[in-house]
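Student: sequence first, then the predicted structure:
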Amino acid sequence: MSSNGHPPDFVETARPKTRAIVLHPDLHKRRVAKEVRARVEEACGLAAAISLEVVHAEHISVSQPRPSTLFGKGVVERFKSLIDGLEVDLVIVDHTLSPGQQRNLETSWQVKVIDRTGLILEIFGERARTREGMLQVELAHLTYQKSRLVRSWTHLERQRGGSGFLGGPGETQIEIDRRLIGERITRLKKELDKVLRTRDLHRAARKRVPYPIVALVGYTNAGKSTLFNHLTNSSVHTEDQLFATLDPTMRALQLPSGRRIILSDTVGFVSDLPHELVAAFRATLEEVVEADAIIHVRDISHAETEDQKRDVEEVLSRMDIESSDDHPILEALNKADLLDASARGLIIEPDGSEGAPVLVSGLTGEGTKVLISQIDRIISIGRRELNVAVPVADGKTLAWLYRKGEVVARQDGDMETTVTVFLDPIDAQRIATNETVRVL
Ligand SMILES: Nc1nc2c(ncn2[C@@H]2O[C@H](COP(=O)(O)OP(=O)(O)O)[C@@H](O)[C@H]2O)c(=O)[nH]1
Ligand SMILES: [Mg+2]
């Protein structure tokens, strides 16, 4: 409630953000400065993905990881005063922490501490859209939690517990928690099995979105969200209301040709994804399978840009997503503003040929016009020519065909009107399942 007694206009008021510190322990001393900086930036990008306010970020050389706190004593003390001074609520340690390390750091610093796996899980949790995605994320979360239940399962407790492993009165709290989590995991796995078996049905149902979907994929910090905002804000005609309320990462926009698409900003790839999160990541990315076209956004100024590209392509191909007419993939080489002239010369043939990567900058707007026209083009690649016979009485479907497609020929009969029409794959599929018409 605002002071005048009226409810606020927006539910999402500017709620104070959680203030966080990001620490990147560098255990590989050989790393060059540029790579280390990129890692710190990535960690900050991950934090930003769940709307944390990063008030300080730092990499810390750890030559001898301490079993109790990972960092050395001096570092732990130095950060204690920084945390107090900056009024920090959360510390992100961009590395795996053992349960004991996490707890000891929380005790020393008197704030919540999460490790890299915990952070990524939070992001996946926010971004999972499909049932499968949600289940996979929950499964990964529970498995992670289970491993965090520190075994104070000492010899003594074991004696108290009496005989056997079935629990009962002597069970410690940790054992009970473990058992409950274990049971929940078993249930989740069963449900997941069921969801996977019926996945194709769900996919068919989700095809009801009104326009072709174009998904932005790529590494965290490649600039997907910046580009997403630039493209959707510069579009003349957006229908924000419909999607903004449902999902801030999907927006409709109109291309120069007049065609409308839905642009979708997807969950980012991360370097060295902890292996226990691989399934959850793939499931969260599952929406990309639904996309009619993909824009692979790359940070072309990044030290590891080629490795990142290979990584993204490998994951996509394992999801059976390869560039094809039905599923075109376009590369956007982002952060062009950070390249000097010679680097530019090496990267791209400036011929603007079809299907060639587009050099862009989501920050300056350079190249975004070309990108938009390329999107317009690839969306039309898969257009199919169909002959459709529509009953004369069904004026509605005929009008739909004129609106959605390009009608190039028409024959009016007594019973049916037959048209030759170019349609997008998504619309061609729709007409094929319309029972009142005949596709010849
Ligand atoms: N110099 C430069 N920085 C960019 C560009 N696009 C994005 N960034 C910056 O890169 C960081 C990550 O961008 P973001 O859009 O959040 O990346 P995402 O994780 O892929 O969504 C932010 O600090 C952006 O300001 C660009 O074209 N040039
Ligand atoms: Mg983003």
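Tutor: Thanks, I have it. Since the model is a prediction, treat every value here as computed from it, not as a measurement. Ligands and ions are numbered 1, 2, ... in the order given.

Student: who in the stretch 1-150 of the chain is up against ligand 1?
Tutor: residue 45 (C-beta under 6 Å from any ligand atom). Where C-beta positions appear, they are placed from N, C-alpha and C, glycine not excepted.

Student: do you have the strands of the stretch 1-150 of the chain handy? List them.
Tutor: 19-26, 53-61, 90-93, 112-115 (DSSP state E, counting those that start in this stretch).

Student: quick one: distance of the last one to the chain centre.
Tutor: When you say that, I think you mean strand 112-115. Relative to its chain's centre, strand 112-115 lies at 22 Å (C-alpha atoms, centre = their mean, to the nearest Å).

Student: contact partners of that strand?
Tutor: 89-97, 102, 105-106, 122 (C-beta atoms under 8 Å, 6 or more residues apart in numbering).

Student: the first one too?
Tutor: By C-beta under 8 Å, 6+ apart, the list of residues contacting strand 19-26 from outside reads 36, 39-40, 43-44, 47, 52-62, 65, 70-71, 79, 82-83, 86-95.

Student: report the buried members of those.
Tutor: 36, 39-40, 43-44, 47, 52, 54-57, 59-60, 62, 70-71, 79, 82-83, 88-95 (16 or more other C-beta atoms under 10 Å).

Student: the contacts of strand 112-115: which two are farthest apart?
Tutor: With distance counted by C-beta to C-beta, no two of the contacts of strand 112-115 lie farther apart than 89 and 96, which are 21.9 Å apart.

Student: run a quick neighbour tally on residue 411.
Tutor: Neighbours of residue 411 under the rule other C-beta atoms under 10 Å: 11.

Student: ok, now which ones touch it?
Tutor: Residue 411 neighbours (C-beta under 8 Å, 6+ apart): 417-419.

Student: same question, residue 258
Tutor: Going by C-beta under 8 Å, 6+ apart, the list of residues near residue 258 is empty.

Student: ok, now how distant is it from ligand 1?
Tutor: Note on residue 258: its distance to ligand 1, by C-beta to the nearest ligand atom, to the nearest Å, is 28 Å.

Student: helix, strand or coil: sort out that residue for me.
Tutor: coil (DSSP: H, G, I helix; E, B strand; the rest coil).

Student: follow-up on the earlier one: and which of the contacts of residue 411 is nearest ligand 2?
Tutor: The closest of the contacts of residue 411 to ligand 2 turns out to be residue 419 (C-beta to the ion; 42.7 Å).

Student: pretty sure that closest one sits in a strand.
Tutor: Yes. Using three-state DSSP, the assignment for residue 419 is a strand.

Student: pop the domain breakdown of this protein in here.
Tutor: Domains of the chain are assigned by automatic domain parsing as 19-117, 128-204, 210-381, 384-439.

Student: do a quick rundown of the strands in the stretch 301-440 of the chain.
Tutor: Listed in chain order, the strands of the stretch 301-440 of the chain (DSSP E, counting those that start in this stretch) span 329-334, 358-359, 384-391, 406-412, 416-423, 438-439.

Student: for the ones you listed, give me CSV that also has distance to residue 322.
Tutor: Putting the strands of the stretch 301-440 of the chain into CSV (distance: least, C-beta to C-beta, whole Å) gives the following:
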stretch, distance to residue 322
strand 329-334, 8
strand 358-359, 20
strand 384-391, 19
strand 406-412, 27
strand 416-423, 23
strand 438-439, 27
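
Student: hey, which of those is tucked in deepest?
Tutor: Comparing those by mean neighbour count (mean count of other C-beta atoms under 10 Å), strand 329-334 ranks first with a mean of 24.

Student: and of the contacts of residue 411, the nearest to residue 305?
Tutor: Using C-beta to C-beta, residue 419 comes nearest to residue 305 of the contacts of residue 411, at 47.3 Å.

Student: now do the buried residues in stretch 388-401.
Tutor: Within stretch 388-401, judged by 16+ other C-beta under 10 Å, the buried ones are 388, 390, 397-398, 400-401.

Student: contacting residues around the spatially most central residue of the chain?
Tutor: With distances taken as C-alpha atoms, centre = their mean, residue 267 lies nearest the centre of the chain, 0.9 Å away. By C-beta under 8 Å, 6+ apart, the contact set of residue 267 is 123-124, 127, 281, 284-285.

Student: same check on residue 287?
Tutor: Contact partners of residue 287, counting by C-beta under 8 Å, 6+ apart, are 129-130, 133, 215, 264, 266.

Student: let's see it at 7 Å
Tutor: Residue 287 is in contact with 129-130, 215, 264, 266, counting by C-beta atoms under 7 Å, 6 or more residues apart in numbering.

Student: list phi and psi for it.
Tutor: Backbone torsions for residue 287, taken as degrees, to the nearest 10, come to phi -60, psi -20.

Student: that one and residue 112, how far apart?
Tutor: Remark: distance between residue 287 and residue 112 (C-beta to C-beta, to the nearest Å) = 30 Å.
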